[in-house]
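Novice: sequence-free structure coming up:
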């Protein structure tokens, strides 16, 4: 059985292309990313680049994946206060899994 191109790619398609997802923040730097499908790998950490207005999930298998979620000005401001992110899987209105990982902010 041959592997697909996505299996070989180090940068995967945006998460919002494959699932419903969203980000919730507050001014204290609390960040929750909610998604409704399994991620393609265990998340090691998440990086935020204010220049790109998106954040990148770095999976433990070395692959990376942008969220593709549109961020409001207030959300971007709140993200600059964060040091960790809660990644939450919800399916059929039930909490399936939750993981807190480091949140790294790139310099402007």
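Specialist: Arrived safely, thanks for sending. Just so we're clear, the structure is a prediction, and the values are computed from it rather than from any experiment.

Novice: show me where this protein has helices.
Specialist: Applying DSSP state H to the chain gives helices spanning 5-8, 73-79.

Novice: and those helices, which one is worst for confidence?
Specialist: Of all the helices of the chain, mean pLDDT reaches its minimum on helix 5-8 (a mean of 50).

Novice: what about stretch 34-42, distance to the chain center?
Specialist: Relative to its chain's centre, stretch 34-42 lies at 9 Å (C-alpha atoms, centre = their mean, to the nearest Å).

Novice: list the buried residues in it.
Specialist: 34, 35, 39, 40, 41 (16 or more other C-beta atoms under 10 Å). All C-beta atoms are positioned from the backbone trio N, CA, C, and that covers glycine.

Novice: cool, and stretch 81-100?
Specialist: For stretch 81-100, by 16+ other C-beta under 10 Å, it's 82, 85, 87, 88, 89.

Novice: so can I have TSV of those showing distance to residue 75 and pLDDT?
Specialist: Shown next, in TSV, are those (distance: C-beta to C-beta, whole Å; pLDDT from 0 to 100):
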residue	distance to residue 75	pLDDT
82	11	95
85	12	97
87	16	96
88	16	97
89	20	96
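
Novice: show me which of these is closest to residue 54.
Specialist: residue 85 (13.3 Å; C-beta to C-beta).

Novice: could I get the buried residues of stretch 34-42 as JSON lines with pLDDT and distance to residue 14?
Specialist: What follows is the buried residues of stretch 34-42, written out as JSON lines (pLDDT from 0 to 100; distance: C-beta to C-beta, whole Å):
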{"residue": "34", "pLDDT": "96", "distance to residue 14": "16"}
{"residue": "35", "pLDDT": "95", "distance to residue 14": "12"}
{"residue": "39", "pLDDT": "88", "distance to residue 14": "12"}
{"residue": "40", "pLDDT": "84", "distance to residue 14": "12"}
{"residue": "41", "pLDDT": "87", "distance to residue 14": "15"}
